[in-house]
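Participant: can't give you the sequence, but here's the structure:
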């Protein structure tokens, strides 16, 4: 399912127009992205938690030259599913 499919399904389920639903979905995604950008955790009870995960600096190898390199520390977005979502996926 892509974003447009999600918007259409949400519009059908809610009775809102696709335009209004798209605005709500886009706003929610922007809010989540902004909160993660500030290093905050976003918890949607029953669905899951979005959080910033810190990756340590680590050693790596350039596959073309086989030269050892250092991969710098970085931040990445992570997601942990909630109990209701995990239950729905398992069937």
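Facilitator: Structure's in. What do you need? Just so you know, these numbers come straight off a predicted model, no measurement behind them. Numbers count the residues shown, from 1 in each chain.

Participant: Show me what counts as buried in stretch 10-17.
Facilitator: 10, 11 (16 or more other Cβ atoms under 10 Å). C-betas here are computed from N, CA, C, even on glycine.

Participant: tell me the contacts of residue 57?
Facilitator: Taking Cβ atoms under 8 Å, 6 or more residues apart in numbering, we find residue 57 in contact with 70, 71, 72, 73.

Participant: Was I right to think the first one contacts residue 60?
Facilitator: Think residue 70. Yes: if you go by Cβ atoms under 8 Å, residue 70 and residue 60 touch, sitting 7.3 Å apart.

Participant: where does the protein have its least confident helix or strand?
Facilitator: Among the helices and strands of the chain, helix 83-90 carries the lowest confidence by mean pLDDT, DSSP states H and E, at a mean of 93.

Participant: what about the residue with the largest distance to the centre of the chain, which SS state?
Facilitator: Relative to the centre of the chain, and counting by Cα atoms, centre = their mean, the farthest-placed residue is residue 65 at 34.0 Å. Assigned with DSSP: H, G, I helix; E, B strand; the rest coil, residue 65 falls in the coil class.

Participant: which residues in this structure form strands?
Facilitator: Under the criterion DSSP state E, strands of the chain are mapped to 42-44, 48-55, 58-61, 68-71, 74-81.

Participant: Residue 23 is nearest to which of these?
Facilitator: strand 42-44 (18.9 Å; Cβ to Cβ).
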